[in-house]
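A.B. asks: Prediction below, plus the sequence it came from.
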Amino acid sequence: TLRCERVLQLTLAVIKPDAVAHPLILETLHQKILENNFIVVRKKDLWWRRKDSESFYAEHSGRFFYQRLVEFMSRQGPMIIIYIPCLLYSGPMRAYILAREDAVAHWRELMGPTKVYRARYTAPNSVRALYGLTDTRNTTHGSDSTESAKREIAFFFPEFSVQQWLDKEEQRFR
Ligand code: RTP
Ligand code: MG
């Protein structure tokens, strides 16, 4: 392990279409990121095509919620025709590369449990408890380990090198 990894860790955080569609919630989540001492390393707004969505959630293919999850996270046709978020419950999302000490665990703690009803009972102040609509439209995604963070960061930000970033941080500790 690099020394800086004990101090700084990277994670991928995604604000899902349900939260992006509500400007106040989007702004609140952005503020929450800053208030919780995350460094915003990269930030990007994007809208997946179906194939991106299918490939990102490949590990869940075959599960009962897979189709609706894939559809929720992507658009099916030309943007101009399909931009009717209130009918399709889909739309653009926002991805962040976040850094801080223990970033993966901290972001997941901020999000709360995947299932919104569970979040409301067990973590009432978490993002999903406060703003989640359903188990699919649950406001946010976060990497679940440093390995998935690396993979997911490469998926969203192919031009970004995690290793290079960590190496550069490492220089500062020398
Ligand atoms: P995430 O990947 O979004 O951080 O959530 P997670 O690790 O807590 O949950 P995971 O089990 O990996 O599920 C991935 C995403 O699938 C959607 N889902 N929908 N019953 C449902 O409709 C259902 N169950 C899971 C969620 O949006 C979850 O984020
Ligand atoms: Mg997951």
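C.D. replies: Everything's here; your move. Ligands and ions are numbered 1, 2, ... in the order given.
A.B. asks: can you pull out the helices in this protein?
C.D. replies: 3-7, 17-20, 23-35, 50-56, 66-72, 79-82, 85-88, 103-111, 116-122, 127-131, 146-156, 162-172 (DSSP state H).
A.B. asks: closest one to R42 among those?
C.D. replies: helix 146-156 (8.4 Å; CB to CB). For glycine as for every other residue, the C-beta is placed from the backbone atoms N, C-alpha and C.
A.B. asks: lowest-confidence helix or strand of the chain?
C.D. replies: helix 85-88 (a mean of 50; mean pLDDT, DSSP states H and E).
A.B. asks: returning to what we had before: I'd like the helices of the chain as CSV, with mean neighbour count and distance to K44 appended.
C.D. replies: Listed next are those as CSV, based on neighbours: other CB atoms under 10 Å; distance: least, CB to CB, whole Å:
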stretch, mean neighbour count, distance to K44
helix 3-7, 15, 24
helix 17-20, 23, 12
helix 23-35, 14, 13
helix 50-56, 16, 13
helix 66-72, 17, 19
helix 79-82, 10, 17
helix 85-88, 11, 19
helix 103-111, 20, 16
helix 116-122, 16, 26
helix 127-131, 22, 19
helix 146-156, 17, 7
helix 162-172, 13, 15
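A.B. asks: Determine which of the ones you listed shows the lowest mean per-residue pLDDT.
C.D. replies: The minimum mean pLDDT among those belongs to helix 85-88 (a mean of 50).
A.B. asks: hang on, the earlier thing: make a markdown table from the helices of the chain and add distance to A95 to it.
C.D. replies: Converted to a markdown table, the helices of the chain look like this (distance: least, CB to CB, whole Å):
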| stretch | distance to A95 |
| --- | --- |
| helix 3-7 | 22 |
| helix 17-20 | 11 |
| helix 23-35 | 12 |
| helix 50-56 | 11 |
| helix 66-72 | 16 |
| helix 79-82 | 18 |
| helix 85-88 | 18 |
| helix 103-111 | 12 |
| helix 116-122 | 21 |
| helix 127-131 | 16 |
| helix 146-156 | 4 |
| helix 162-172 | 14 |
